[in-house]
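> sequence-free structure coming up:
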């Protein structure tokens, strides 16, 4: 709720005696100008513009432009997915922005955004089917689909570790046992997960 960034200070006192002073740097995303940070080279800054102060008339453009930059960056698949999900999950876009959003994505400038909107799950299935058709073997499809599940598992681990730190062995084992559909649902609805204890696949369906 404060200005975009600065120094905060916390003081502890006991019986009128100041015993500790702690100063630290802070960043308050809502206090930053999204249009200014959209010009930065940092893709993390670009993705986080969805959580910054965006003029109402620029919301659709900020979302589309952020996804365009992410789609064109030399990133690993899961990195591109995570940055893109940050934009999609937190961009304050309402029904009133729908028409402008559709018009932007229909232009050549933002043609790459639609392609990036495919989930890793869909790409895994697609790769498996192509390999199966090419080789003429059912095993090709199955292997491709399994690779899709593995990629989803790795993406889920990266996503959770980014928020909660190293995962306990029990959580990793649970994730490994999950189906593609369950992993995909968890990733799509990850913004609803408040803690590892609250990780419930049934609630995320």
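That came through, no problem. Computed from a prediction, not measured in an experiment: that's the story for all the values here.
> every contact and neighbour count from this point should use C-alpha atoms.
Noted.
> list the buried residues of the strand or helix carrying residue 63.
Element membership for residue 63, per DSSP states H and E: helix 59-72. By neighbour count with 16 or more other C-alpha atoms under 10 Å, helix 59-72 contains the buried residues 59-71.
> list the residues that contact the residue lying closest to residue 50 once chain neighbours are set aside.
What sits nearest to residue 50 in space, not counting adjacent residues and going by C-alpha to C-alpha, 6 or more residues apart in numbering, is residue 91, at 4.5 Å. The contact partners of residue 91, by C-alpha atoms under 8 Å, 6 or more residues apart in numbering, come to 50-51, 59, 63.
> mind redoing it with 10 Å?
By C-alpha atoms under 10 Å, 6 or more residues apart in numbering, the contact list for residue 91 reads 47-52, 54, 59-60, 62-63, 85.
> out of the residues you listed, what pair is the most spread apart?
The span of the contacts of residue 91, defined through C-alpha to C-alpha, is set by 54 and 85 at 17.9 Å.
> same list, the contacts of residue 91, but as CSV with pLDDT please.
Output for these, formatted as CSV (pLDDT from 0 to 100):
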residue, pLDDT
47, 93
48, 93
49, 94
50, 92
51, 92
52, 92
54, 92
59, 92
60, 92
62, 93
63, 92
85, 85
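> where does pLDDT dip in the protein?
For the chain, the stretches flagged by pLDDT under 70 are 1-2, 115, 117-146, 191, 198, 200-205.
> the residue lying closest to residue 149 once chain neighbours are set aside: neighbour count?
Sequence neighbours aside, residue 180 is the residue nearest to residue 149 in space, at 5.1 Å (criterion: C-alpha to C-alpha, 6+ apart). Residues lying near residue 180 (other C-alpha atoms under 10 Å) number 18.
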